[in-house]
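J.: I'd like to go over a predicted model; first the sequence, then the structure.
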Amino acid sequence: MSSFKHIFVPKHEVASQKEVDEMCKKFGITVEKLPLIKLSDPAIAGLEVVPGQVIKITRKSAVTKKDEDYYRKVIED
């Protein structure tokens, strides 16, 4: 499947283990508590991910207009 970019789709990338560890520590959570994203989600098409990995989504905040990072755990369909 080819990678497709759309102006309304925020940047999706595989989070590094360091990013995941820092995020979990900052918010006092585990990866198991993250919102989920399906492996078949078109936004992560083209990324070589497997279930259990964490995706970092960077988008502009509607309030502050600054980049904000959001995390999702990849799951099977």
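T.: Sure, I can see it. Numbers count the residues shown, from 1 in each chain.
J.: low pLDDT regions in this protein?
T.: 1-7 (pLDDT under 70).
J.: now the helices for it?
T.: 17-27 (DSSP state H).
J.: strands of that one, start to end?
T.: Under the criterion DSSP state E, the chain carries strands at the ranges 11-14, 36-38, 54-60, 67-75.
J.: got those strands as TSV, with distance to Ile29 and mean neighbour count columns?
T.: Placement of C-beta: from N, CA and C, glycine included. Compiled in TSV, the strands of the chain are given as follows (distance: least, C-beta to C-beta, whole Å; neighbours: other C-beta atoms under 10 Å):
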stretch	distance to Ile29	mean neighbour count
strand 11-14	19	16
strand 36-38	14	15
strand 54-60	12	16
strand 67-75	10	16
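J.: mind checking the end-to-end distance for stretch 12-30?
T.: Stretch 12-30 has an end-to-end distance of 20 Å (criterion: C-alpha to C-alpha, to the nearest Å).
J.: contacts for that stretch next, please.
T.: 31, 43-44, 47-49, 53-58, 69, 71 (C-beta atoms under 8 Å, 6 or more residues apart in numbering).
J.: ok now stretch 15-30, how far from the chain's centre?
T.: 12 Å (C-alpha atoms, centre = their mean, to the nearest Å).
J.: max pairwise distance over the contacts of stretch 12-30: which two?
T.: Glu48 and Asp69 (20.4 Å; C-beta to C-beta).
J.: how about stretch 35-45: buried residues?
T.: When burial is assessed from 16 or more other C-beta atoms under 10 Å, stretch 35-45 yields the following buried residues: 37, 41, 43-44.
J.: isn't Val54 up against Val31?
T.: Yes - contact between Val54 and Val31 holds when scored by C-beta atoms under 8 Å: they sit 6.2 Å apart.
J.: for the contacts of stretch 12-30, give me JSON lines that also has distance to Glu22.
T.: Conversion of the contacts of stretch 12-30 to JSON lines gives the following (distance: C-beta to C-beta, whole Å):
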{"residue": "Val31", "distance to Glu22": "13"}
{"residue": "Ala43", "distance to Glu22": "23"}
{"residue": "Ile44", "distance to Glu22": "21"}
{"residue": "Leu47", "distance to Glu22": "21"}
{"residue": "Glu48", "distance to Glu22": "23"}
{"residue": "Val49", "distance to Glu22": "20"}
{"residue": "Gln53", "distance to Glu22": "16"}
{"residue": "Val54", "distance to Glu22": "12"}
{"residue": "Ile55", "distance to Glu22": "16"}
{"residue": "Lys56", "distance to Glu22": "11"}
{"residue": "Ile57", "distance to Glu22": "16"}
{"residue": "Thr58", "distance to Glu22": "15"}
{"residue": "Asp69", "distance to Glu22": "10"}
{"residue": "Tyr71", "distance to Glu22": "11"}
